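K.L.:
I'd like to go over a predicted model; first the sequence, then the structure.
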Amino acid sequence: MLQKNLFEQLSPFHCLFENHPDGISIVDREGHFIYVNNSIVTMLGYAPKELSQMSLDQLLNSSGQPIKSCSQLAIQHKSGCPVYVELTSIPLKSDGQEIGSLIRFEPIPQPVEQSKEFTDALEMFSFISEKSQNILSSISADGVFTYISPTVHALLGYHPEEVIGKPAASFNHPETNKDFLTHRHSLFIDQDTVRFTGRVRHKNGEYRWYETTAEYIRDQSGKIIQTICVGRDITDSKAAQETIAYLAYHDSVTDLPNRRLFKQHVSQVLTESKKEIHSLMVLDLDGFKYVNDTYGHDMGDMLLIEVAKRLTAAAGDKRFVARWGGDEFTIFQTNIQDRSDVDFLMERIQDVLSEPISIAGKTLFISASIGVSYAPEEGDTVESLIKHADAAMYRVKKQGKKSFDV
């Protein structure tokens with residue numbers, strides 16, 4: 001029986017074959033690979049483990065036809081491209097019985113008689129691989145890169161040889177790997193083309209967002225044996241989308257959550273915590289119109305920014321502060337144990353807003369009218385709580401609080 005470690009036991013021969021420029025392999029009587037050297041791995045793109053799981057007939061796609069002792073063949077590279085070799089087969093015998101073969105793969109030039117259409121297709125693949133703004137790659141069943149296009153250097157800083165043979169997961173953000181595993185486990189048996197978004201590490205250490213379209217190659221049992229990927233850098237577009245999304249839910253002047261985000265947040269809390277007591281506070285700045293009309297909108301905006309900072313500091317992390325619109329702000333507090341806490345907060349807000357505000361050489365003094373409503377006592381929706389808090393706030397406003405400047 002042919003032993004897998006035959007040449008590893010004969011170290012001089014092992015060294016010779018391992019470093020030989022031609023592909024050298026040993027197969028058993030059934031044609032299964034027992035040993036392959038580095039040249040075969042480089043030549044054909046398959047990892048040693050992958051070759052050990054296939055036969056010579058499968059590699060050559062010979063359908064069981066006898067292999068001549070010396071033949072010129074086109075073998076399909078793992079990426080799909082043809083590799084032209086002269087194959088030499090030498091029988092290995094023991095006690096007069098053939099126990100396997102030594103197979104030599106010698107690279108040869110592309111045959112002249114190859115059709116022009118195939119040549120054009122091959123040249124087109126090479127052109128796309130080298131010039132595309134995307135990264136083309138193939139990944140083995142055990143998650144190792146077997147091919148990656150030269151564009152990886154321009155886009156991620158790596159030379160192809162720094163990537164091929166390495167686990168794909170080693171270039172991904174940990175969270176991306178976690179999401180990818182969840183994604184893989186959710187695949188249907190007939191789902192072969194998917195799109196996945198995740199972060200990939202650039203050679204300089206930063207992470208870039210990539211949208212990858214993956215084509216899964218399966219064996220007859222449905223098991224994924226190879227993945228062909230096309231990756232597109234979407235970092236800039238994702239950042240733009242996140243900026244747009246942020247602006248859609250935040251006030252452009254104060255950077256506080258806006259009315260839309262406030263309503264969304266409060267609605268979610270009211271739905272999830274119906275038995276708890278919550279408070280919604282509406283706050284209107286007294287005299288803001290005077291500042292706007294007297295000193296202009298720029299001064300008014302700066303006043304709003306300062307008020308937003310003071311409200312946020314007074315409310316703390318446990319309360320949700322937003323700009324409702326104009327000179328109105330809202331504050332939402334959850335899970336109230338004692339209503340005196342709400343009264344204390346209102347007093348605290350009045351204190352911090354009554355302190356002088358210096359803007360552009362002017363010292364402004366401002367106050368606020370505040371109304372509060374409670375859930376579920378006065379409603380279990382944002383609209384009903386706003387209505388009751390507004391009514392309470394206008395009752396306070398009738399007391400005639402004013403702001404003035406010095």
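P.N.:
Yes, it's here. Residues are numbered from 1 along each chain as shown.
K.L.:
only C-alpha atoms from now on, for both contacts and neighbour counts.
P.N.:
Noted.
K.L.:
give the pairing partners of the host helix or strand of residue 89; include direction for each.
P.N.:
If you go by DSSP states H and E, residue 89 is part of strand 82-94. Counting by DSSP bridges, the strands paired with strand 82-94 are strand 70-76 (antiparallel), strand 97-107 (antiparallel).
K.L.:
buried deepest among those strands, which one?
P.N.:
With neighbours defined as mean count of other C-alpha atoms under 10 Å, the strands paired with strand 82-94 peak in mean count at strand 97-107, which reaches a mean of 18.
K.L.:
now render the strands paired with strand 82-94 as CSV, adding distance to residue 355 and mean pLDDT.
P.N.:
Listed next are these as CSV, based on distance: least, C-alpha to C-alpha, whole Å; pLDDT from 0 to 100:
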stretch, distance to residue 355, mean pLDDT
strand 70-76, 79, 82
strand 97-107, 84, 89
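K.L.:
picking that back up, residues making contact with the strand holding residue 89?
P.N.:
Residues from elsewhere that reach strand 82-94 (C-alpha atoms under 8 Å, 6 or more residues apart in numbering): 43-44, 68-77, 98-111.
K.L.:
what about 10 Å?
P.N.:
1-2, 22-29, 43-44, 67-77, 97-111, 122 (C-alpha atoms under 10 Å, 6 or more residues apart in numbering).
K.L.:
repeat that for stretch 291-305.
P.N.:
Counting by C-alpha under 10 Å, 6+ apart, 253-256, 285, 288-290, 307-308, 310-311, 323, 326-329, 357-360, 362, 364, 366, 403-405 sit against stretch 291-305.
K.L.:
low-scoring stretches of this structure, by residue?
P.N.:
1-13, 62-69, 111-131, 185-191, 400-406 (pLDDT under 70).
K.L.:
try 80
P.N.:
By pLDDT under 80, the weakly predicted segments of the chain are 1-17, 61-71, 80-81, 110-132, 183-192, 220-222, 399-406.
K.L.:
ok, residue 367 touching residue 346?
P.N.:
No - using C-alpha atoms under 10 Å, residue 367 is not in contact with residue 346, being 11.6 Å away.
K.L.:
can you name the next helix or strand after the top helix by length along the chain?
P.N.:
Longest helix in the chain, counting residues (DSSP state H): helix 297-315. Later in the chain than helix 297-315, the nearest helix or strand by DSSP H and E is strand 319-325.
K.L.:
quick check: angle from that next one to helix 297-315?
P.N.:
Per axes from the mean of the first three to the mean of the last three C-alpha atoms, to 10 degrees, the angle that strand 319-325 makes with helix 297-315 is 160 degrees.
K.L.:
who touches strand 319-325?
P.N.:
By C-alpha under 10 Å, 6+ apart, strand 319-325 touches 250-251, 253-263, 265-266, 279-284, 304, 308, 311-313, 315, 328-334.
K.L.:
if you count neighbours, what's buried in it?
P.N.:
For strand 319-325, a neighbour-count test (16 or more other C-alpha atoms under 10 Å) marks 320, 321, 322, 323, 324 as buried.
K.L.:
let's have those residues in TSV, adding distance to residue 218.
P.N.:
Converted to TSV, these look like this (distance: C-alpha to C-alpha, whole Å):
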residue	distance to residue 218
320	51
321	53
322	53
323	55
324	55
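K.L.:
list the buried ones in stretch 377-390?
P.N.:
If you call a residue buried by 16+ other C-alpha under 10 Å, then stretch 377-390 has these buried ones: 379, 380, 381, 382, 384, 385, 386, 387, 388, 389, 390.
K.L.:
can you check stretch 355-373 too?
P.N.:
By 16+ other C-alpha under 10 Å, the buried positions in stretch 355-373 come out as 364, 365, 366, 367, 368, 369, 370, 371, 372, 373.
K.L.:
cool, stretch 390-402 as well?
P.N.:
Of the residues in stretch 390-402, those buried (16+ other C-alpha under 10 Å) are 390, 391, 392, 393, 394, 397, 402.
K.L.:
now the second one. Its backbone dihedrals?
P.N.:
Listed backbone geometry of residue 391 is phi -60, psi -40, with angles given as degrees, to the nearest 10.
K.L.:
verify the contact between it and residue 372 for me.
P.N.:
Yes - Residue 391 is in contact with residue 372 according to C-alpha under 10 Å; the separation is 8.9 Å.
K.L.:
what touches both of the two?
P.N.:
Residues touching both residue 391 and residue 372 (C-alpha under 10 Å, 6+ apart): 282, 385.
K.L.:
how close does residue 284 sit to residue 392?
P.N.:
Distance of residue 284 to residue 392, computed by C-alpha to C-alpha, to the nearest Å: 11 Å.
K.L.:
what residues are shared contacts of these two?
P.N.:
Both residue 284 and residue 392 are in contact with 369, 370, 371, where contact means C-alpha under 10 Å, 6+ apart.
K.L.:
just the C-alphas of the helix or strand that contains residue 291, formatted as CSV.
P.N.:
Assigned by DSSP H and E, residue 291 falls within helix 288-295. Taking C-alpha atoms only, helix 288-295 is exported to CSV below (Å, rounded to 0.1, in the frame of the first residue of the first chain):
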residue,chain,number,x,y,z
PHE,A,288,-37.0,84.1,21.8
LYS,A,289,-38.8,86.0,19.1
TYR,A,290,-37.5,89.2,20.6
VAL,A,291,-33.9,88.0,20.3
ASN,A,292,-34.5,86.8,16.7
ASP,A,293,-36.2,90.1,15.6
THR,A,294,-33.6,92.3,17.4
TYR,A,295,-30.3,90.6,16.6
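K.L.:
that helix vs helix 297-315, what angle?
P.N.:
Interaxial angle of helix 288-295 relative to helix 297-315 (the same axes, to 10 degrees): 140 degrees.
K.L.:
the most centrally placed residue in the chain: what's it in contact with?
P.N.:
In the chain, the residue lying closest to the centroid (C-alpha atoms, centre = their mean) is residue 198, at 1.6 Å. Residues in contact with residue 198 (C-alpha under 10 Å, 6+ apart) are 172-177, 179-180, 207-212, 234.
K.L.:
same thing with residue 179?
P.N.:
Contacts of residue 179 (C-alpha under 10 Å, 6+ apart): 173, 196, 197, 198.
K.L.:
what's the answer for residue 260, then?
P.N.:
Residue 260 is in contact with 248, 249, 250, 251, 322, 323, 324, counting by C-alpha under 10 Å, 6+ apart.
K.L.:
skip the chain neighbours and tell me the closest residue to residue 56.
P.N.:
Excluding its sequence neighbours, the residue lying closest to residue 56 (C-alpha to C-alpha, 6 or more residues apart in numbering) is residue 31, at 5.3 Å.
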